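Engineer: Provided below for reference: sequence and predicted model.
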Amino acid sequence: MARGFGPAPTPDITYTQCKRCGTELAGLDGRYSCGVCGWSNHWSEGHRPLPAAEDDPDAPPSPVNPLGEQ
């Protein structure tokens, strides 16, 4: 069930240098991935929490157990 927070805010474009090779990176809300060396920061280092899967309006419905068990 969705949490009812409304639409997700538009992410901010943020900039930093790659911690491995020094390339200038652009990311969304403090989440980065370097296309030169492959470095990426951990998802928890972002500037705001990620939305939950159930908040995705395009998410497929939960699978139904054909045996009716939960």
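Structural biologist: Good, I have the coordinates.

Engineer: Next up, the contacts around N41.
Structural biologist: By Cβ atoms under 8 Å, 6 or more residues apart in numbering, the contact set of N41 is K19, G30, R31, Y32, S33. Any C-beta I mention is one placed from the backbone N, CA and C, and that applies to glycine too.

Engineer: The second one and P63: what is the separation?
Structural biologist: What that stands for is G30. Between G30 and P63 the computed distance is 33 Å (Cβ to Cβ, to the nearest Å).

Engineer: Is the closest residue in space to W39 that isn't next to it in sequence within a helix or a strand, and which one?
Structural biologist: Using Cβ to Cβ, 6 or more residues apart in numbering and skipping residues adjacent in sequence, the residue nearest W39 is R20, 4.1 Å away. Using DSSP states H and E, R20 sits in no helix or strand.

Engineer: Just list the residues touching R20, thanks.
Structural biologist: Here R20 is in contact with C34, C37, W39 (Cβ under 8 Å, 6+ apart).

Engineer: Scan those residues and report the most crowded one.
Structural biologist: C34 (20 neighbours; other Cβ atoms under 10 Å).

Engineer: Next one: that one from C18, what distance?
Structural biologist: Separation of C34 from C18 (Cβ to Cβ): 4 Å.

Engineer: how about the helices in this protein?
Structural biologist: Assigned by DSSP state H, the chain shows no helices.

Engineer: where exactly do the strands run in it?
Structural biologist: Ranges of strands in the chain, per DSSP state E, are 13-17, 24-28.

Engineer: re the thing from before, export the contacts of R20 to CSV and tack on distance to P11 and pLDDT?
Structural biologist: Shown next, in CSV, are the contacts of R20 (distance: Cβ to Cβ, whole Å; pLDDT from 0 to 100):
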residue, distance to P11, pLDDT
C34, 18, 98
C37, 23, 98
W39, 20, 97
